[in-house]
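Engineer: coords please:
(chains A, B, C and D)
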4 protein chains.
Amino acid sequence: MKEGDLVLVYRDQRSQYLIRLKSGNRLMTHHGDIDHDEILNHQFGDMITTHLGKEFYVLKPSHYDLMMKVKRKTTIIYPKDSGWLLLKTGIGPGSRVIEVGSGSGALTVLLANLVGDRGKVYSYERRRDILAAAQANIERYGLSNRVVFHLGDVARNGFQESGVDCVFIDVPEPWLVVEPAHQVLKGGHFLASLSPHIEQIKKTVEVMEQYGFKRIEVVEIILREIMVRKVGTRPKERAIVHTGYLLTGQKVKSQPLTRDRDDRNPAHR
Amino acid sequence: MKEGDLVLVYRDQRSQYLIRLKSGNRLMTHHGDIDHDEILNHQFGDMITTHLGKEFYVLKPSHYDLMMKVKRKTTIIYPKDSGWLLLKTGIGPGSRVIEVGSGSGALTVLLANLVGDRGKVYSYERRRDILAAAQANIERYGLSNRVVFHLGDVARNGFQESGVDCVFIDVPEPWLVVEPAHQVLKGGHFLASLSPHIEQIKKTVEVMEQYGFKRIEVVEIILREIMVRKVGTRPKERAIVHTGYLLTGQKVKSQPLTRDRDDRNPAHR
Amino acid sequence: MKEGDLVLVYRDQRSQYLIRLKSGNRLMTHHGDIDHDEILNHQFGDMITTHLGKEFYVLKPSHYDLMMKVKRKTTIIYPKDSGWLLLKTGIGPGSRVIEVGSGSGALTVLLANLVGDRGKVYSYERRRDILAAAQANIERYGLSNRVVFHLGDVARNGFQESGVDCVFIDVPEPWLVVEPAHQVLKGGHFLASLSPHIEQIKKTVEVMEQYGFKRIEVVEIILREIMVRKVGTRPKERAIVHTGYLLTGQKVKSQPLTRDRDDRNPAHR
Amino acid sequence: MKEGDLVLVYRDQRSQYLIRLKSGNRLMTHHGDIDHDEILNHQFGDMITTHLGKEFYVLKPSHYDLMMKVKRKTTIIYPKDSGWLLLKTGIGPGSRVIEVGSGSGALTVLLANLVGDRGKVYSYERRRDILAAAQANIERYGLSNRVVFHLGDVARNGFQESGVDCVFIDVPEPWLVVEPAHQVLKGGHFLASLSPHIEQIKKTVEVMEQYGFKRIEVVEIILREIMVRKVGTRPKERAIVHTGYLLTGQKVKSQPLTRDRDDRNPAHR
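Structural biologist: Sure thing, here's the model as predicted:
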């Protein structure tokens, strides 16, 4: 364990803290305080006690934890949806990806972790205050060297990069970003977008079809937690049952279409 | 485009072929044939025609495609589930992970792609014929240098590695692998398991609690495809609505528990 | 047991027959034949054997069975959806209800059974062949005295009844039936509609709002079968995950609205 | 409109009151008061104003409203689940049904409304205070002549009726009620049970199989509300995603089984 490491200091569901270790710092909890230096003397998996004698565990944070623990100024993209988009787009070590709508940086964090040291994330945001929040989260996680932030309106001014492996869109009017995304995407590679309303999806699908995108697909993902307890096993009663619709498609180099190609896209099956 | 590249040759949902390019080879489809050399002269995103004049597109295959196109000898772990497990466990470039139950190698392929050149996947399988099938898929995808296969019964003989970042379990009796997984996992890191039946999950949770695992969580993921067509928008009528329950937990270095710690795990909320 | 009784002759999921008892008739199955007279000598719950010695059971058919066993010329309204609509609209003994779109008569059968001898179902259908099929199903079930069929286009010609307790709409353009439904519904009572596409729902909601309907609500219902077997318990793998969106609202006597009343309807929460 | 009528006085989702009209009574709301006599001078569907000039509507309450508005001392059976059970069991005008576990009387109300004047509901409850609450709800709804309440432990003392059309079980240990239910059910008719935990279902299925029940089926129902708004259309974000598992089966007159009949029940498909 060394300075700069991210650690989840965990007691139970209600008492868990994601911190970056820094000698001299002190974590304050409802169950008492813990010095970072104390943690620096331990390893992942160790038990540690507060000055009040309460037990905590030093756990490895996952992608899920990093995403859910960003300081939020906006709705974030949930892990269940990010996981799917990741699998559908094929991001991995070395990928160069664009994100439109930095938001709170939750997806930015995931992408930055997955592209590794040889990859890069280019994140565009229109609002200065939101961009600052995303940047702060990325810095806090020690990922600044993998992310380039741009303040600007992509629908108006386009992108500064080209030949990227993927474009992720999370803005209220994604259909306005299809054309610039088509310009900078490598051939055969993926555009992905997430929207809460079905009308947003419909408009974006329509524009993607005009630009000839192939394998346009839309899904939604419902997650239920299962409670395994002595009293019995059952899904948790209450849950978030809608976050958004997930849209993906692949660029091809054909001209914008004039005739109907409905039958070519899986979303028309 | 060069020899050894993986390419999705795509016409529509029913006519799509995942191939590895090799000069001199020839792809045969119901719509006519295409020489690999023809594809080698093109780029991703290009349109290409068969000897019968039918159009296909040269697309980049995603993780999803690689997983769904493995030659199957067993049920595979679906992308919707893999995406979640990936996010919950924090696998990324450089990770060293163990997989128990190679199966057809679908998850192996995903893991190998995500850990990158500096990571490693150790995949255990009890049945010789299944192992051979998984190996063939990994070779076909050009990932052999990232995967070490072991033929053997982990429940009986344990693992040959130690200090790994994650253990994935996909076997009929996952509870038998908890103890060896606990031995070789780094402290604070993740065990993950997937099972179709709730009884398998219950038994595995119970053993994980005996071994002191923290943040034991179980979820299930339901995915619906949405059809966006001229005639109207709606979810696809028929779908797979159950694949399995997804279980995760984190190792801590405490002794096996004797007292009840029900209240410490999220699955008991 | 007497002539005219409806009986489910059941062996297993694949071999079950809904018949109306008639002396002299003979049921032919893949496992052998059974005379209706043989069944007439038994009671519900009895075991009975075919001429090949195979066992069947004489079971009471439920609303579900009657609906699922109509001879189909169209897609039917599924029991899961009918059950919800029934609960939301308050149909019961003595109700007078209108149905637009007789279809195969599956919902007609349910309504006829629930309104009892003192209620009445008025069922409208535009296509002569479909109407004939619905009528045949109703006759087969011995419910003709509770159902009045009309051949005709409601959107053009309106209804012949007035002061009804409920109007059910199951046609491709339900929004065209809102105005005539508003005319014949009792004040404060329910209009209900089912559509597979979200665009149909949106248009219908819009027209309902113009006509001042209150408590406009839309839901969808997902049903999963659970398999309880020796090998383990889990949801069935494959299922129908979309049938339609269910829309309900209550008529009030206000004039058609000109101003926005978005905030008054639950669907706008 | 006459004294004793049930009326939903509705302004919006947050301001709605289910009342039984009684001359001289006064409804107090956050938006002002309304005399029952004022409502008695109106009809369903009319608009009415409080003494503060706020608009309310006089709406017909549905089964759904009656169920959701019982004064609750316990968790109630939700309409989505009741609707399904109703369709699977075939309750209708004239049915004689037993309910075990009166609870708050929500299901009792629905059953009483559906069996009509010629049917009867026999409702058993072990706890005196719960029984009193259910009785109060039934009286408030004017349904006392259709319901017979029994205070008592069915698992120990059995039922006082026989030859009933259906037995509904909603108690923590439903498997203890299978034997008495089998005794009093008509042959070929339905037992139905609802439980939140899968273990309860498994035990009950097992006992039902011992007693020879046929067509044993288990389902769960997930309901999503859809928001149709100017800003866009989407499912409501948060919802109850689990209430319970729904179990049904039909009695046959065979002896308790000794051999395995797994393949005969749909739940084993």
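Engineer: where's residue A:141 relative to chain D, distance?
Structural biologist: 27 Å (C-beta to the nearest C-beta, to the nearest Å). In this view, the C-beta of every residue, glycine as well, is placed from N, C-alpha and C.
Engineer: for that residue, what are its contacts?
Structural biologist: A:6, A:20, A:66, A:109, A:112 (C-beta atoms under 8 Å, 6 or more residues apart in numbering or on different chains).
Engineer: among those residues, which two are most distant?
Structural biologist: Of all pairs drawn from those, the greatest distance, 15.0 Å, lies between A:20 and A:112 (C-beta to C-beta).
Engineer: Would you mind telling me which of these two has the busier surroundings?
Structural biologist: residue A:112 (26 against 15; other C-beta atoms under 10 Å in any protein chain shown).
Engineer: what about whichever helix or strand residue A:66 is part of and chain B, touching?
Structural biologist: Secondary structure from DSSP states H and E places residue A:66 in helix A:63-68. Yes: applying C-beta under 8 Å from any C-beta of the partner chain, one finds helix A:63-68 touching chain B at A:63-65, A:67.
Engineer: Show me just the buried residues among the residues you listed.
Structural biologist: Buried residues within those, counting neighbours by 16 or more other C-beta atoms under 10 Å in any protein chain shown: A:63-65, A:67.
Engineer: Next, format those as JSON lines and append pLDDT.
Structural biologist: What follows is those, written out as JSON lines (pLDDT from 0 to 100):
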{"residue": "A:63", "pLDDT": "97"}
{"residue": "A:64", "pLDDT": "97"}
{"residue": "A:65", "pLDDT": "97"}
{"residue": "A:67", "pLDDT": "97"}
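Engineer: hmm, the lowest-mean-pLDDT helix or strand in chain A in reach of chain C?
Structural biologist: Within chain A, confidence by mean pLDDT, DSSP states H and E is lowest for strand A:238-240 among all helices and strands, at a mean of 93. No: using C-beta under 8 Å from any C-beta, we find that strand A:238-240 stays clear of chain C, coming within 13.3 Å at best.
Engineer: per-residue pLDDT, the residue of the stretch 1-150 of chain A found nearest chain D?
Structural biologist: Proximity of the stretch 1-150 of chain A to chain D (C-beta to the nearest C-beta) peaks at residue A:75, 9.8 Å away. Looking at residue A:75, its pLDDT reads 90.
Engineer: So which of the residues of helix A:63-68 next to chain B is the closest to residue C:58?
Structural biologist: The nearest one, if we look at those relative to residue C:58 and count by C-beta to C-beta, is residue A:64, at 54.8 Å.
Engineer: Surely that closest one touches residue B:87?
Structural biologist: Yes: Residue A:64 lies in contact with residue B:87 (C-beta atoms under 8 Å); the separation is 4.8 Å.
Engineer: before we move on, the earlier item: of the buried ones among the residues of helix A:63-68 next to chain B, list those near chain D.
Structural biologist: Among these, not one lies near chain D by C-beta under 8 Å from any C-beta.
Engineer: Report how many residues lie close to the residue nearest to residue A:129 when sequence neighbours are not counted.
Structural biologist: What sits nearest to residue A:129 in space, not counting adjacent residues and going by C-beta to C-beta, 6 or more residues apart in numbering or on different chains, is residue A:73, at 7.2 Å. The local packing of residue A:73 (other C-beta under 10 Å) involves 19 other residues.
Engineer: again, but for residue A:30
Structural biologist: The burial count for residue A:30: 10, using other C-beta under 10 Å.
Engineer: again, but for residue A:6
Structural biologist: There are 16 residues near residue A:6, going by other C-beta under 10 Å.
Engineer: For the helix or strand residue A:108 falls within, which outside residues touch it?
Structural biologist: Assessed by DSSP H and E, residue A:108 sits inside helix A:106-115. By C-beta under 8 Å, 6+ apart, the residues outside helix A:106-115 that reach it are A:63, A:66-68, A:70, A:72, A:76-77, A:82, A:86, A:91-97, A:99, A:102, A:121, A:123, A:134, A:137-138, A:141, A:143, A:146-147, A:168, A:170, B:87, B:90, B:92-93, B:114.
Engineer: Helix or strand next in line after it, which one?
Structural biologist: Following helix A:106-115 toward the C-terminus (DSSP H and E): strand A:120-125.
Engineer: Residue A:129: neighbouring residues, count only.
Structural biologist: Around residue A:129 there are 8 residues (other C-beta under 10 Å).
Engineer: Which helix or which strand is home to it?
Structural biologist: Counting by DSSP H and E, residue A:129 is part of helix A:128-140.
Engineer: Residue A:37 now?
Structural biologist: Using DSSP H and E, residue A:37 maps to helix A:36-40.
Engineer: Could I get the average pLDDT for that helix?
Structural biologist: Mean pLDDT, computed over helix A:36-40, is 97.
Engineer: So which bits of it are buried?
Structural biologist: A:36, A:38-39.
Engineer: then that helix to PDB, C-alphas only?
Structural biologist: What follows is helix A:36-40, C-alpha atoms only, in PDB (Å, rounded to 0.1, in the frame of the first residue of the first chain):
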ATOM      1  CA  HIS A  36      -4.200   7.300   6.400                       C
ATOM      2  CA  ASP A  37      -0.800   6.400   7.800                       C
ATOM      3  CA  GLU A  38      -2.400   3.600   9.700                       C
ATOM      4  CA  ILE A  39      -3.900   2.300   6.400                       C
ATOM      5  CA  LEU A  40      -0.500   2.700   4.700                       C
END
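Engineer: where does chain A have low pLDDT?
Structural biologist: A:254-269 (pLDDT under 70).
Engineer: can you pull out the helices in it?
Structural biologist: A:36-40, A:63-68, A:79-89, A:106-115, A:128-140, A:154-157, A:178-184, A:198-210 (DSSP state H).
Engineer: Surely residue A:54 and residue A:34 touch.
Structural biologist: No: using C-beta under 8 Å, residue A:54 is not in contact with residue A:34, being 9.4 Å away.
Engineer: Those two: which has the busier surroundings?
Structural biologist: Higher neighbour count among residue A:54 and residue A:34: residue A:34, with 23 against 15, using other C-beta under 10 Å.
Engineer: Show me which residues of chain A are close to chain D?
Structural biologist: Within chain A, the positions adjacent to chain D are A:196-200, A:222, A:224, A:231-243 by C-beta under 8 Å from any C-beta.
Engineer: how's chain A carved up into domains?
Structural biologist: Domains of chain A are assigned by automatic domain parsing as A:6-61, A:64-268.
Engineer: As CSV, those domains with distance to residue B:153 would be great.
Structural biologist: Below are the domains of chain A laid out as CSV (distance: least, C-beta to C-beta, whole Å):
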stretch, distance to residue B:153
domain A:6-61, 27
domain A:64-268, 27
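Engineer: tell me the most buried of these?
Structural biologist: domain A:64-268 (a mean of 20; mean count of other C-beta atoms under 10 Å in any protein chain shown).
Engineer: returning to that earlier point: if we take the buried residues of helix A:36-40, which one ends up nearest to residue A:176?
Structural biologist: residue A:36 (45.2 Å).
Engineer: nearest residue to the closest one other than its sequence neighbours?
Structural biologist: Using C-beta to C-beta, 6+ apart and skipping the chain neighbours, the partner closest in space to residue A:36 is residue A:25 (4.3 Å).
Engineer: what are the phi and psi values for the one you found?
Structural biologist: Per-residue torsions, residue A:25: phi -80, psi 160 (degrees, to the nearest 10).
Engineer: residues in contact with it?
Structural biologist: Taking C-beta under 8 Å, 6+ apart, we find residue A:25 in contact with A:19, A:35-36.
Engineer: quick one, what contacts residue A:117?
Structural biologist: Contacts of residue A:117 by C-beta under 8 Å, 6+ apart are A:145-146, B:93.
Engineer: would you list the residues you listed in JSON lines and tack on distance to residue D:253?
Structural biologist: Below are these laid out as JSON lines (distance: C-beta to C-beta, whole Å):
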{"residue": "A:145", "distance to residue D:253": "77"}
{"residue": "A:146", "distance to residue D:253": "72"}
{"residue": "B:93", "distance to residue D:253": "67"}
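Engineer: in chain A, which residue is closest to the centre?
Structural biologist: Centroid-nearest residue in chain A: residue A:107, 1.6 Å away (criterion: C-alpha atoms, centre = their mean).
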